[in-house]
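[1] structure of the sequence below:
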Amino acid sequence: TGLQKALDRALDKLDLGRMRPAQREGFLCSARCCEGGKGREDFQRCLQGCMEPVVRAEQVTTAAVGQMQERLGRCSSRCQDLAQQMLPSGASERQVQAAQAKMEGCIAQCAKEQEQQVPKMIKD
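    Below is the predicted model:
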């Protein structure tokens, strides 16, 4: 879908532009932790400190994608509710098909709205 492609492109851009440089710095910093005669605890603290920015960035990205999925799920549920409300009891096949088409159009609009939010999500 368009949303999936937009999200993949944005995540690739984020990965290449921010995550990999941060990971590189974290690995270089980790290598520096091996220098000198640090004790085990100091060494572990050094390693954790080096990778903390990467871990935080990954957590922020995962949370942002999760929030987008939640918004899309809520919107899709609303579309399904609206379609069900359209149907009278004992609905004809034509009425069911019309409600189905309306629901699919509504869900497509939900995806389009979320797709428009992808660039903003990556900037934040």
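
[2] which other helices and strands does the longest helix along the chain contact?
    The longest helix of the chain (DSSP state H) is helix 40-86. Counting contacts by 3 or more C-beta pairs under 8 Å, 6 or more residues apart in numbering; DSSP states H and E, helix 40-86 packs against helix 2-14, helix 20-33, helix 93-123. For every residue, glycine as well, the C-beta is placed using N, CA and C.

[3] and the first one, average pLDDT?
    So the one you mean is helix 2-14. Averaged over helix 2-14, pLDDT sits at 90.

[4] give me the helices and strands touching it, please.
    Counting by 3+ C-beta pairs under 8 Å, 6+ apart, helix 2-14 packs on helix 40-86, helix 93-123.

[5] now the first one, how far from the centre of its chain.
    What it means is helix 40-86. 6 Å (C-alpha atoms, centre = their mean, to the nearest Å).

[6] can you check stretch 95-112 too?
    Per C-alpha atoms, centre = their mean, the centroid offset for stretch 95-112 relative to its chain is 24 Å.

[7] show me which residues of that stretch are buried.
    Neighbour counts over stretch 95-112 (16 or more other C-beta atoms under 10 Å) mark 99, 103, 106, 107, 110, 111 as buried.

[8] quick check: the closest residue to the second one other than its chain neighbours vs residue 114, distance?
    When you say that, I think you mean residue 103. In space, and not counting its chain neighbours, residue 103 is closest to residue 83: 3.6 Å by C-beta to C-beta, 6 or more residues apart in numbering. Going from residue 83 to residue 114 by C-beta to C-beta, to the nearest Å gives 19 Å.

[9] what do you get for residue 41?
    45 Å.

[10] cool, and residue 11?
    14 Å.

[11] same thing with residue 67?
    Taking C-beta to C-beta as the measure, residue 67 falls 10 Å from residue 114.

[12] the more surrounded of the two?
    The residue with more neighbours, out of residue 67 and residue 114, is residue 114; 19 against 12, by other C-beta atoms under 10 Å.

[13] contacting residues around that one?
    Listed by C-beta atoms under 8 Å, 6 or more residues apart in numbering, the contact set of residue 114 reads 3, 68, 71, 72, 75.

[14] got the helices and strands packed on helix 2-14 as CSV, with distance to residue 27 and mean pLDDT columns?
    Formatted as CSV, those follow (distance: least, C-beta to C-beta, whole Å; pLDDT from 0 to 100):
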stretch, distance to residue 27, mean pLDDT
helix 40-86, 8, 94
helix 93-123, 23, 91
